[in-house]
Structure formats: C-alpha cells, structure tokens
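In: starting from these lines, generate the structure:
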Amino acid sequence: MAALPFLLRLCLRRGMVPPVGRMTCRSAPVTAFPVRAPAATLADVASAAGVGESTVSRVLRNHGSFSEKTRKRVMEAAAQLGYVPNRIAGTLASSGSRLVGIIVPSLSNIVFPEVLSGVNQALEDEGYQAVFAVSEYKMAREEEMVASMLAWRPAALMVAGLEHTPAARALLEAGGTRIIELMDLDGEPIDIAVGFSNLEVGRVSARHLLARGYRRIAYVGHDLAADTRAAKRLEGFEGVLRDQGLALMERSTLPTLSSIEAGRAGLEQALARRPDLEAVYFSNDDMAFGGYCLCLSRGIRVPDQLALFGYNGLGIGQALPQPLSTIRTPRVEIGATAARLAARNAPAQRIDLGFELIAGATA
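Out: Sure thing, here's the model as predicted:
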C-alpha cells in the first residue's frame, strides 16, 4: 500500500484519473491541447523505489554506500519513470561543478574533433562532463561564448590559443574558474597552457625546405587575422628565410577559413603570378591537399616541378599516392592532458607536447 500515494500523485500530475476500485490509470477526456507532463523528480524515484532521496542521489552518482539490491531498485524506478538527473541543480547544491567547458574554433576538419576526443575520454575517466561550443574563428563570438560558459560555473574552461579580445581575457582572468589554453605556447597564458610552439613549427618547416635546396618559395593560406596560430607559423617560417637572406616570392592568403577548395584556389593564384615557383608552404594539410589536387589536374609533377608542405599531419594527407610532407601535432594527447589537469585542479603551468616532422614525399 505504500506505493498507492505515489501512484495517485503520478496519475494526477499526468492528467490521468484512477477509476474507483482499480489501480490502473486511464486518460481523462481531453478538450484542449494536451499539457506536457512535468518531468519525474528525485522524490518520485525515491517513492517508487521505497527509499530515501539521499539514497537515490548516492546510487545515481555512484558515490557512497548502498547495497546491490537497493541500486537495482533505484535504477529500475528511474528507468520506468524516465528520470533524468538535473546536473545543474546538483552543481549549485554541491561544493563543485562536474562540468568542463571547451570552446573550439572549428569542426570543419579532424583537428579539433580529435582534441575533443582526447578531452572527452579523459574527463569521463575523471568523472566530469564536457560541454563544448564552436567560435568559427571569430574572436567576438568566442567572447560571447566565454561569458555564456562561465555563467554555468564550470570546474574549468578550455579555449584554443592564447589570443582573445580584451573583454574575453578579462572574463577568463576574473571568472573564478580554472582556464586551460590549448594548441599554443607562444605568449603569456592566463593559467594553464597545453600545446607546442607554433613559431617553432614554422621554423622547422622552413629549414626542411631550405635543406632540400628550395629557394623560390610561396605561402598559400587562409585568413591570418582570424587564425592567429597560423600567423605565428608563418612568422617563424619567414624569420628563417630572412636569416638566410631570402624572402617569400609569393604570398597568397584567402579571406576565408581553410578548406581543400581554398588551397586549390590559393595555389592557382600563386602560380598565375609566379609560374617559376619551386615550393609552396601551406597553412595546413587541408590547403595542401587542395594544392595537390590542382597539381594532379594540371599535370604538375610533385615534387619534381613543385614541392608541397603542409601542417597538422592529417590522415588524408598521408593517404595520398605521395604522402604529404608536413608537421604532425599531438591533438588527442593535448586534449587528454588538458582534461586531466582540469579535473585534478593542477597548478598553473605550461606543458609542451612538441610536434613531429613528417618528411613525406611531396617536399
């Protein structure tokens, strides 16, 4: 009989009337638009399982003491009622959030999905939940997302790069949340930084091309104002050329995000202006792949007539008939390392995970 009051309350809540002498519920006549039933609560699960609310909470969080029999009753009741825990309410009532926010600039290629993969797996292992947003390489949009994310009082917030609008940086510095900046170490981090030097990536790329005898070199890239890390790589690349008394013979940057199409168009522009080029340094592998496609369509022999060099070490570049010469970055490891540092409330620090030169066959 202990279940009777709970069933009566459930029927009333869902607009259902129990006929006299029966325990089953039938729908009352509906003369207007049906009203969506309120979500089941922790108290509903407790009543259905015949235990206290604190016991239900312990079972659902898998924290504290309870028997296997009790766990089974609670889980069955929760499943029957369609109960979904209110994580936000739990956060506000507890001593700390289990949410970690991540703002990435793009999901258009595999780079940041791989970072998110590393973040998500490590956070799950640590008992945290990831929440992510995409800024599309727009700093004003990132600023809005930083304010929105911090309003949820996450345990930590991860953002790509070290450059932000002044307002976003002020929020990150004063938000009372651990901040982890990813994929760059060239600058002053707010709190924790995990990644590598983009300047050094550019330098290593230039030395590789110079060591192979290339001197008439062009750059093909996307919007450098939006992608500050690509701008740093180009800065490092040009610095090495200057040290050798050289300069880029052509610089073709498109005011768009990186893509295969943009890489093809950028190389086409560069060759139209300087058909005597020996090598092209691309802002990333997507752009380099587009350049490779242009070479195939025009019968340009790679690398005999034109050498191509990328950045990121994507699988698509290594699957080409001639594996792309590029730099491989440890994206999954960066995400996983950042997540572990966030979950364990690590002290402020810089973690350099380095990168790998892939000699490939295109340069």
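
In: give the contact list for the residue lying closest to residue 178 once chain neighbours are set aside.
Out: Leaving aside its chain neighbours, residue 178 sits nearest to residue 156 (4.0 Å; criterion: C-beta to C-beta, 6 or more residues apart in numbering). (C-beta placed from N, C-alpha, C; glycine too.) Under the criterion of C-beta atoms under 8 Å, 6 or more residues apart in numbering, the contact list for residue 156 reads 100, 101, 177, 178, 179, 180, 342, 343.

In: ok, now with 6 Å
Out: The contact partners of residue 156, taken as C-beta atoms under 6 Å, 6 or more residues apart in numbering, are 100, 178, 342.

In: can you pick the most crowded of the residues you listed?
Out: Comparing those by number of neighbours (other C-beta atoms under 10 Å), residue 342 comes first, having 30 neighbours.

In: circling back to that earlier point, in helices only, show me the contacts of residue 156.
Out: When DSSP state H is applied, these are split such that residue 342 fall in helices.

In: alpha carbons of stretch 173-186, as CSV, please.
Out: As requested, the backbone C-alpha atoms of stretch 173-186 are provided in CSV (Å, rounded to 0.1, in the frame of the first residue of the first chain):
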residue,chain,number,x,y,z
GLU,A,173,41.1,36.1,-15.6
ALA,A,174,38.4,37.1,-13.2
GLY,A,175,35.8,34.3,-13.7
GLY,A,176,37.0,32.2,-10.7
THR,A,177,37.4,29.2,-13.0
ARG,A,178,40.5,27.2,-14.0
ILE,A,179,41.5,28.2,-17.6
ILE,A,180,43.4,25.9,-19.9
GLU,A,181,44.5,27.3,-23.3
LEU,A,182,45.3,24.8,-26.0
MET,A,183,47.5,24.4,-29.1
ASP,A,184,49.9,27.3,-28.5
LEU,A,185,52.7,28.3,-26.2
ASP,A,186,53.9,31.5,-27.9
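
In: ok, residues contacting it?
Out: Against stretch 173-186 from outside (C-beta under 6 Å, 6+ apart): 150, 154, 156-162, 172, 189-195, 197-199, 229, 232, 334, 338, 342, 350, 352.

In: off-centre distance for it?
Out: 14 Å (C-alpha atoms, centre = their mean, to the nearest Å).

In: backbone phi and psi for the residue nearest to residue 178, please?
Out: phi -160, psi 160 (degrees, to the nearest 10).

In: how close does the spatially most central residue of the chain get to residue 205?
Out: The structure's the chain has its C-alpha centroid closest to residue 116; by C-alpha atoms, centre = their mean the separation is 4.0 Å. Using C-beta to C-beta, to the nearest Å, we find residue 116 at a distance of 26 Å from residue 205.

In: again with residue 337
Out: 24 Å.

In: which of these two has more residues huddled nearby?
Out: It is residue 205, of residue 337 and residue 205, that has more neighbours when counted by other C-beta under 10 Å, with 25 against 22.

In: which parts of the stretch 151-300 of the chain are helices?
Out: For the stretch 151-300 of the chain, helices defined by DSSP state H, counting those that start in this stretch occupy the ranges 166-174, 198-211, 228-243, 260-273, 285-298.

In: buried deepest among those helices, which one?
Out: Comparing the helices of the stretch 151-300 of the chain by mean neighbour count (mean count of other C-beta atoms under 10 Å), helix 285-298 comes out on top with a mean of 22.

In: now the angle from it to helix 228-243?
Out: Computed by axes from the mean of the first three to the mean of the last three C-alpha atoms, to 10 degrees, the angle separating helix 285-298 from helix 228-243 equals 70 degrees.

In: using CSV, write down the CA coordinates of helix 285-298.
Out: Extracted in CSV, the C-alpha atoms of helix 285-298 (Å, rounded to 0.1, in the frame of the first residue of the first chain):
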residue,chain,number,x,y,z
ASP,A,285,47.1,20.0,-44.7
ASP,A,286,43.6,20.8,-45.9
MET,A,287,45.0,23.6,-48.0
ALA,A,288,47.9,21.5,-49.1
PHE,A,289,45.5,18.7,-50.2
GLY,A,290,43.7,21.2,-52.4
GLY,A,291,47.1,22.3,-53.9
TYR,A,292,47.9,18.7,-54.6
CYS,A,293,44.6,18.3,-56.5
LEU,A,294,45.5,21.3,-58.6
CYS,A,295,48.8,19.8,-59.5
LEU,A,296,47.2,16.5,-60.5
SER,A,297,44.7,18.3,-62.7
ARG,A,298,47.4,20.3,-64.4
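
In: against which helices or strands is the helix or strand that that helix is followed by packed?
Out: Following helix 285-298 in sequence order, the next helix or strand is strand 307-309 (DSSP states H and E). Counting by 3 or more C-beta pairs under 6 Å, 6 or more residues apart in numbering; DSSP states H and E, the packing neighbours recorded for strand 307-309 are strand 279-282, helix 285-298.

In: just to revisit the earlier point, any of the contacts of stretch 173-186 buried? List them.
Out: Using 16 or more other C-beta atoms under 10 Å as the burial test, the contacts of stretch 173-186 include 150, 154, 156-162, 172, 189-195, 197-199, 229, 232, 334, 338, 342 as buried.

In: about what we covered before: the helices of the stretch 151-300 of the chain: which one's closest to residue 321?
Out: Among the helices of the stretch 151-300 of the chain, the nearest to residue 321 by C-beta to C-beta is helix 285-298 (9.0 Å).

In: the closest one versus helix 260-273: what angle between them?
Out: 60 degrees.
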